[in-house]
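Colleague: The sequence and its predicted three-dimensional model are supplied below.
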Amino acid sequence: RLMSVPAMRRRYLQIYQQLVERVVVADPVLRRMEQWRALIRPHVARETERLTTLQQFDAAMTTPAGPAPGLRPFMTGRLESVRSQLTALSKPSAGVLTVSASQQQISLGAEGIETKPSYSLFAMTESGGNWLAVLPAGGTLPATVPVVMNASGLAAGVYRGTVTVHLAGAANSPVRLPVTMSVGGPVINEVVNAASYAKGAVAPGEIVTLFGTGLGPAVLTAEGVNVFFDGRSARIIYARADQVGVVAPMELTGQEVTAVEVEYRGQRSERLIRPVVKAAPGIFTAGSVGSGQGAIVNETGTVNSAAAPAEKGSTVAIYLTGAGVTDAAGRIAAPVSVWIGGLETAVRYAGAAPGSIVGLYQINAVVPAAVASGAAPLVVTVGEAATQGGVTVSVR
């Protein structure tokens with residue numbers, strides 16, 4: 001608040017300017033660095049278990065070490081950046097710093113600033129260490145700056161840091177960008193309906209597939225794998241390195257969003273946030289591709305197909321997931337409708353599939369007498385949500 005008072009702002013900047021000019025001066029600081037280096041150097045030369053060679057120690061004043069600059073360039077560059085920012089801050093703020101980040105690089109620009117003062121970047125990690133850096137750490141606009149993340153020597157886990165962008169004269173400076181790096185542990189890329197492969201929202205009790213990397217072992221087994229929705233353990237159907245089949249907990253009912261995590265061999269993934277809806281129905285298909293011949297059983301007990309079509313007027317069992325909560329009798333709580341060949345038809349049963357896992361639903365529907373023979377389009381609605389397009393039932 002004090003900085004918003006013009007007189008206080010001017011006084012603050014005057015004092016800061018004096019400190020920079022009289023106290024934080026490059027030559028005395030660099031001389032002191034050289035003195036300390038001279039004191040430490042004999043100990044480095046004698047140390048038999050040192051982490052760096054004597055040549056690396058001698059070069060540290062001027063030569064970059066990994067992503068970090070040498071001490072002398074860092075000191076002089078930082079002072080130049082501070083002076084540049086003080087000069088611009090002495091003027092009324094106008095314009096904004098524009099920042100966008102993608103694919104490990106930051107794009108910088110400015111709007112409403114006639115003279116483009118130099119920017120500066122500073123990388124900081126939450127847990128320490130030098131795995132995060134931005135090079136170069138300053139310059140003029142516009143600019144695209146790579147973000148360097150080095151996982152060498154790091155244990156498996158999720159690492160977090162921040163890149164701070166300063167631009168003197170910009171009203172919105174500084175801008176802080178969060179950075180996350182996952183090392184060795186599981187990474188969730190997407191959550192989809194296990195039947196339709198539709199992305200997006202998750203329904204209570206829905207069977208979903210998590211796609212990613214490092215989610216489990218190379219072979220198909222759930223050993224050592226755990227999946228959590230908001231910290232609640234979920235039932236796993238199967239798991240392997242690139243995907244996990246799991247049932248979303250019914251306790252998601254009433255929530256707006258859920259945070260999904262996978263834990264494998266004690267390493268937990270970054271949370272993936274997805275919206276929660278009452279229903280997100282998807283019909284299982286014969287080829288497990290999300291479209292084409294539906295996973296349907298005829299009234300005779302045979303599997304519905306072009307070679308074994310359903311008779312008109314008979315009842316077929318349709319298998320799906322994502323229908324949401326059920327009542328005490330196991331029936332789907334929301335209204336259910338079925339269309340075959342564009343004709344709405346009678347529903348004999350809509351609820352949990354008897355004797356099956358939680359999350360698998362069965363709908364028994366009558367094949368309309370007026371429907372055309374062949375592969376008839378099939379759509380099921382649960383409440384206001386409809387199943388995916390492109391699913392068919394074979395009719396004689």
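Modeller: Looks like it came in fine. Numbering: from 1, shown residues only.
Colleague: Let's verify A45: helix, strand, or coil?
Modeller: helix (DSSP: H, G, I helix; E, B strand; the rest coil).
Colleague: Next up, the contacts around it.
Modeller: L54 (Cβ atoms under 8 Å, 6 or more residues apart in numbering). Just so you know, the C-beta spots here come from the backbone N, C-alpha and C atoms, and that holds for glycine as well.
Colleague: so what pLDDT did it get?
Modeller: pLDDT, A45: 80.
Colleague: and the gap between it and R160?
Modeller: Taking Cβ to Cβ, to the nearest Å as the measure, A45 falls 38 Å from R160.
Colleague: hey, what's the residue most central in space within the chain bridged with?
Modeller: What sits nearest the mean C-alpha location of the chain, by Cα atoms, centre = their mean, is L272, with 5.4 Å. In this entry, L272 is beta-bridged to V260, by DSSP bridges.
Colleague: Which residues are in contact with it?
Modeller: L272 neighbours (Cβ under 8 Å, 6+ apart): I188, E190, V191, A259, V260, E261.
Colleague: Nearest to F229, out of those residues: which one, please.
Modeller: F229 has its nearest neighbour among those in V260, at 5.8 Å by Cβ to Cβ.
Colleague: residues near that closest one, how many?
Modeller: 22 (other Cβ atoms under 10 Å).
Colleague: got a list of what it touches?
Modeller: So V260 contacts I188, V191, V202, L210, V227, F228, F229, R271, L272, I273, R274 (Cβ under 8 Å, 6+ apart).
Colleague: Please name every helix or strand in contact with the helix or strand hosting the fourth one.
Modeller: Think L210. For L210, the element it lies in under DSSP states H and E is strand 207-213. Where contact means 3 or more Cβ pairs under 8 Å, 6 or more residues apart in numbering; DSSP states H and E, strand 207-213 is packed against strand 187-193, strand 243-247, strand 257-264.
Colleague: ok, that strand: who's next to it in the sheet?
Modeller: With DSSP bridges as the test, strand 207-213 pairs up with strand 187-193 (antiparallel), strand 243-247 (antiparallel).
Colleague: Can you tell me how far T209 is from A350?
Modeller: Taking Cβ to Cβ, one finds T209 at 24 Å from A350.
Colleague: Of those two, which one has the most company?
Modeller: A count of neighbours by other Cβ under 10 Å puts A350 above the other of T209 and A350, at 24 against 17.
Colleague: measure that one to T381 for me?
Modeller: Applying Cβ to Cβ to A350 and T381 gives a distance of 11 Å.
Colleague: In this model G290 seems to touch Y197, though I could be wrong.
Modeller: Yes. Using Cβ atoms under 8 Å, Y197 is in contact with G290, at 4.3 Å.
Colleague: Those two: which has the busier surroundings?
Modeller: G290 (20 against 17).
Colleague: circling back to that earlier point, pick the most deeply packed of the strands paired with strand 207-213.
Modeller: strand 243-247 (a mean of 23; mean count of other Cβ atoms under 10 Å).
Colleague: Can you check what angle separates it from strand 257-264?
Modeller: 130 degrees (axes from the mean of the first three to the mean of the last three Cα atoms, to 10 degrees).
Colleague: Need the contact partners of strand 243-247.
Modeller: So strand 243-247 is contacted by 194, 205-212, 215-216, 222, 225, 227, 234-239, 262, 357-359 (Cβ under 8 Å, 6+ apart).
Colleague: pLDDT of it, averaged?
Modeller: 96.
Colleague: List the buried residues of the longest strand belonging to the chain.
Modeller: In the chain, ranked by residue count with DSSP state E as the criterion, the top strand is strand 157-167. Across strand 157-167, burial judged by 16 or more other Cβ atoms under 10 Å covers V158, Y159, G161, V163, V165, H166, L167.
Colleague: what lines up beside that strand in the sheet?
Modeller: strand 119-125 (antiparallel), strand 175-183 (antiparallel).
Colleague: Out of those strands, which one sits most buried?
Modeller: strand 119-125 (a mean of 20).
Colleague: Counting by contacts, list what the helix or strand just after it packs against.
Modeller: Counting by DSSP H and E, the next helix or strand C-terminal to strand 119-125 is strand 132-134. Counting contacts by 3+ Cβ pairs under 8 Å, 6+ apart, strand 132-134 is packed against strand 119-125, strand 143-149, strand 157-167.
Colleague: Make TSV from these and add mean pLDDT and distance to D58 to it.
Modeller: Shown next, in TSV, are those (pLDDT from 0 to 100; distance: least, Cβ to Cβ, whole Å):
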stretch	mean pLDDT	distance to D58
strand 119-125	87	26
strand 143-149	88	25
strand 157-167	84	30
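Colleague: export the ones you listed to JSON lines and tack on distance to T53?
Modeller: Compiled in JSON lines, those are given as follows (distance: least, Cβ to Cβ, whole Å):
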{"stretch": "strand 119-125", "distance to T53": "26"}
{"stretch": "strand 143-149", "distance to T53": "23"}
{"stretch": "strand 157-167", "distance to T53": "28"}
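Colleague: Among those, which comes closest to G77?
Modeller: Per Cβ to Cβ, nearest to G77 of the helices and strands packed on strand 132-134: strand 119-125, 8.4 Å.
Colleague: And the contacts of the closest one?
Modeller: 81, 85, 97, 106, 108, 131-134, 136-141, 143, 145, 147, 159-167, 179.
Colleague: before we move on, what about stretch 137-144?
Modeller: Contacts of stretch 137-144 (Cβ under 8 Å, 6+ apart): 69, 77, 80-81, 105-110, 116, 118-122, 145, 167.
Colleague: show me where pLDDT drops low in the stretch 51-200 of the chain?
Modeller: For the stretch 51-200 of the chain, applying pLDDT under 70 flags the ranges 51-52, 61-71, 84-95, 103, 113-117, 128, 156-157, 169.
Colleague: Surely F228 touches Y264?
Modeller: No. The pair F228 and Y264 does not pass the contact test of Cβ under 8 Å, sitting 11.9 Å apart.
Colleague: In terms of neighbours, single out the busier of the two.
Modeller: Using other Cβ under 10 Å, the more surrounded residue of F228 and Y264 is Y264, with 23 against 19.
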